[in-house]
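**Q** return atomic coordinates for the entry below.
(chains A and B)
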Amino acid sequence: MGKQSIYKPILAIGLSFCVLLSYQNCVLNEMFGEAYHLELPSVESNDLDKWNHGFKVWNNQCSSCHGDISSTKFRGVNDKQILNAIRIVGVMNSISLTSEELVNLVFALNNDKPDTSTGGDTRHGAKFQCSDSTTRGLSRVDMLRLSDEEIKNSLTDLFGTTHYKNASEKIVLLPADDLVNPKAYVPTLSYAYFDVLVQIVEKIAETAASDSSFISKWSSCSSLATESCVKEFIENFGARAIRKPFPVDDKNNMISAFNSDPEVNGKVIIMSIILHPEFSLHYENGSTSGERERLDDYGVASRISYRVIGSIPDNELWKAAKDGQLKDLEQVKYHVTRMIDSSRGKAKAVSFFKSWMKIEDMADLSFSNNFRNGIQPSNYYSHSVTEFENFVLQTIWNKNGSLNDLFLSQNVYPVHTDMATLFGTDKWTGSNELKSQSGHRGILLRPATLIGGTNFTPIIRRGVMLRTEVLCDKLGLPSPDVVNARDEVATPEELDHSFLSDREVVANMTRNAACMECHTQINPLGFGLLTFDSLGRLQATETFFDPSTDEVVAQYPVDASTDVAKIEIGANESYNNAFEMNQEILKSDKLKACFAEKMTIFMNKQDVTKDDECTMADKESIIRNPDSSVRDILIENVANEDIFWRK
Amino acid sequence: MAIHMMNRRQFLRSASGYLLAVPLLPSLVEKAYAASFPKRFVSIRTVYGQPAQFFYPGRPRTKLAENIYHDAIPQGTIISDIINTEFKSFSHKLSIIRGLDHCVSDHNNFTMLAPGLNVSKDGVGMTWPNSLDEVFARSSVIYPEVPIERILRLEPEYNAKSYLDFRYSYWQGVRNPYDDMMHVLFERLFGTIGQGSVNKPKIKAIDLAFDAYKKVIGSRKISSVDKQRLNQYTDMLSDLQNKITKIDLVSCSPSKVDPATNWENSYDAAIDISFLALNCGLTNVISLSLPYFGSIEGEGHGHFHGVSHWAADGSFVIPDFGAGEERMITDPSSELGLKLLRYHAWTARKIGRFMGLMDSVNEDNGNTMLDNSLVYWGNETAGGSSHSPYSMPIVIGGSLNGKIKPGNWDYSRRPFDYYAGRRDIYSPIGTIPYPTLLTSLCNIYGLSPSEYELNGQGGFGHFDDSTTYMKYIKDHQKYVGYTENNTNKRKTLPFWLT
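**A** Model (predicted):
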């Protein structure tokens, strides 16, 4: 029986597993049609492997709505029931199971985890396993383009800041990429991009072409007046711009145009190099090896450089590529380690953590005056982001911190008065060590991560963020029917903050059974963060202000506890506040796997695929090692066997 | 922004003045004259409903056919509370249609020009994956020659903030990008423009890059996906070179657009750029999304959304809808009523200004640019409060050089639930599936069915009654079998076409 082919046509009809459960009683039992009952292949593997595999399928496809496999009401279902439910029920089109996945899912739903006699730890363990190393490098099926940030860095490094700044008016026109949401990155170039790139490079080339020091940096000439000078310039500057030896045909074409057409001068040559497709695209050369290509040293150098500093290779890396010194991981690791400590390397790492924590520009902050209680709204958010950036930089590079430090450190780095006030500390001078007096710690419990847009604590947004971004559980979007169902349940009185706390309002708003299929996963995590208000301040009491007069209407004691946390099997189900929840998240296997997954997504600018399993297994392994520093982890993210391969 | 305006004749004169020195002058000028007026299509989408009471002066009295009524709009008329003074000088060039029923699966969707069902704004679940503006942008009828810009899509914002987006242009189920920073768009459109020899380095450099792209495309190591993309990139380079070459000839000399500081100047810039792009011959298709309201300090998008739901006691016209008792503003002079009006009027003024600019330019055939074009203003929600997709008010400016009969309003049909005056906030059920209007537009622009029909379905767009919002239509068996009947789907709007 073919692995994918049998179930795809059937399963593609289906909708979301979420709804499977909400309709189970009324639909599932009536839908045991034989047409969708197929003979399953026998799977040769031991029970623990089968259980683990089925558990993994459950976690990926089902758990976000249906909770832990050990306690779901769907324990005991068979393959027929699952297939029929997928066929019938609403939101399941994304689910596609292989026969092996289905067999093992049923196995895990019908059996307890086999006793491994290792004693103690009942958690699942590592999520990723490298079962086939020949899939390394296959996940990206198309060419990426350079991001706007990479374009800017590359032009700066190629031309120097003086010439680059000549085009500053044009550079701001480059279409900006949203790297906070790397899955949404569009890998293609656009008409607008070309339009602006032409304008930028024209501005830069205007001064660069007549700058003898610039020309002499890339050739033995002081101007591009002769064929030999142009040739040498293309071979040096052009090669660095496209990160590989400049194609001979293209070089000859340019020289020919230079010789035959008086209007093709040095400026046009510079412009045409930057407009060359291999400047704008990540296009590495390699040699075929089975399904894949093994990159040459120039390709490896380009990947190292863009993945670590987001720009063209520096001189040392370029020389290594020319000398053929990028053939093994040790050689790669040397350069990654060296470059990750540069300012650009650090900035790129900070970008990743901001992306992971979904820290992006907030359009509107609408806190009322009395709620702010003296905190000035202007720049408050950017101040919190600056503090977040300082925390990441200091924890990783000054403290050589571990994952524990990244989540638990109480050190704070406020350079603005509002942040210092919030933490109850002095301002950070760059040398003084400060610890939050208000409970803030780690990247989760920081103002930049916690902030909302209004007086109301963003319980659901925070809960979704923790569930999907920090634990990498999957949540579907609510369908209009579910949203309507919510409206039908909650009366205005049940959503009135005059009488009810934020927690009570959210509980009422989501209490409908259809909502709770997913909100059982969201709300407990959001409730945990109620320890901090919408500005990221520690709060013991929640205050509701009249929207018209801004006067205090009601106050409620904060309840950030839960006994249904659903973080993962083996984790505590109960916590009393954000600090305890933070500890549970840190201890979880899911966090470590999610960290590996998020790094991979950020680097590849696309969602992970099955072909990323090996690289994620490598990363997860080093993340799980308590002796690893975060810097070690970041180095592993790039200095990884996958760097040598492409499809 | 000061605008250097010229009519088509001036445009051609200035072009030919420059072209005297250029070998290809005769052919270009000949082509330009042959297309005595470009077939332009401007669409404008506003949000949160088209409350009928703001669009129509009342209840039409002139019987057009059995159960069909309308009334004329004389020149110089103030038509309604929002179709007001800005529209007065060209009021007779407007068509204000009603009675079109949209088919939607939820409110706040993005199917104004791609009628059918949708699941999300990103096109998931769309039953009609191509929007009309994108179809027009690819049509040889709209563009007999390769255009400089096939389509401009604008959704003006300001201050580089991330606002909600309401972009409605789709091609093959993928939503296309919009420009939001108007000063950036302006630079992109006009920043490349130089005069005479200034452009030559760009053209030469693109020539060389073009060769390099072709070589990469020829590589055996490139995947088919990448080859397809690289081919698109070469098309883009070609279009860019085309623009640089042609714009130079046009002598189009707009002044600079500064970054917007509020919605007022952001929207004004969008309208100026759109008009300029049409007038300079940069494009024939414009899609303008105007989702934000508010020139008044302290009032903005969020307030408007609230106001669109504000209501007093009343009743909903659709029985068994399941939404319970709906409410509406019964007193138009109340604070809520005036606020709702203020928001709609603000946007309407902008649209009126745009049409007014288009009506100020005389073209080669003696008509104004507005006469020779169609400007389409609508959305998918008729009643903001009720989220009703029924009986959509649509405003269309111009006539595409007489292809339609403007100067009329309504065409509503009785005896369907028709509520005059303020009760129109709850729109009655119409009589015509909305896709009929877009099919009519395809016809009057002269597109062949092969350019817009899909998968063997006749006409443009999809309509069915499978969703919650269609319950009334389904229960009353209106439009039964419409989607399956190609003859019905290919029908055009009666009474309106010449």
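
**Q** what residues does the stretch 201-350 of chain B put near chain A?
**A** Within reach of chain A by C-beta under 8 Å from any C-beta of the partner chain, the stretch 201-350 of chain B has these residues: B:201-202, B:204-209, B:211-213, B:215-216, B:221, B:223, B:225-226, B:229-230, B:232-233, B:236-237, B:239-240, B:243-244. The C-beta positions use only the backbone N, C-alpha and C, and glycine is treated the same way.

**Q** which among those residues count as buried?
**A** B:201-202, B:204-209, B:211-213, B:216, B:226, B:229-230, B:233, B:236-237, B:239-240, B:243-244 (16 or more other C-beta atoms under 10 Å in any protein chain shown).

**Q** flag the shaky bits of the stretch 251-400 of chain A, pLDDT-wise.
**A** Low-confidence segments of the stretch 251-400 of chain A, defined by pLDDT under 70, span residues A:361-364.

**Q** could you look up the SS state of residue A:543?
**A** Assigned by DSSP: H, G, I helix; E, B strand; the rest coil, the conformation of residue A:543 is strand.

**Q** specify the beta-bridge partners of it.
**A** Per DSSP bridges, the residues bridged to residue A:543 are residue A:555.

**Q** what pLDDT, on average, does the lengthiest strand in chain B get?
**A** As assigned by DSSP state E, the longest strand anywhere in chain B is strand B:94-101. For strand B:94-101, the mean per-residue pLDDT is 87.

**Q** ok, stretch B:157-171 next?
**A** Stretch B:157-171 shows an average pLDDT of 75 in the prediction.

**Q** one more: stretch B:445-461?
**A** Averaged across stretch B:445-461, the pLDDT comes to 93.

**Q** show me the contact partners of that stretch.
**A** B:39, B:41, B:114-116, B:128-130, B:132, B:135-136, B:138-139, B:141-142, B:400, B:403, B:434-436, B:438-439, B:441-442, B:483, B:485-491 (C-beta atoms under 8 Å, 6 or more residues apart in numbering or on different chains).

**Q** for PyMOL, write a command that selects the buried ones of these.
**A** Command for PyMOL, covering only those of the contacts of stretch B:445-461 found buried under the criterion 16+ other C-beta under 10 Å:
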select buried, chain B and resi 39+41+114+115+116+128+129+130+132+135+136+139+142+400+403+434+435+436+438+439+441+442+483+488+489+490+491
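
**Q** still on that earlier bit, mind listing which of the buried ones among the residues of the stretch 201-350 of chain B next to chain A are in helices?
**A** B:201-202, B:204-209, B:211-213, B:216, B:226, B:229-230, B:233, B:236-237, B:239-240, B:243-244 (DSSP state H).

**Q** quick check: buried residues in the lengthiest helix in chain A?
**A** For chain A, the longest helix by residue count, based on DSSP H, is helix A:191-208. Judged by neighbour count (16+ other C-beta under 10 Å), helix A:191-208 contains these buried residues: A:191-208.

**Q** which residues of the chain fall in strands?
**A** You didn't say which chain, so I picked chain A. Assigned by DSSP E, chain A shows strands spanning A:286-289, A:292-295, A:541-545, A:552-557, A:645-646.

**Q** wrong one, chain B
**A** Assigned by DSSP E, the strands in chain B fall at B:40-45, B:62-65, B:68-72, B:94-101, B:152-154, B:170-171, B:174-175, B:285-289, B:373-378, B:392-397, B:408-413, B:432-433.

**Q** looking at those strands, which is closest to residue A:455?
**A** Nearest to residue A:455 among those is strand B:285-289; the distance by C-beta to C-beta comes to 30.6 Å.
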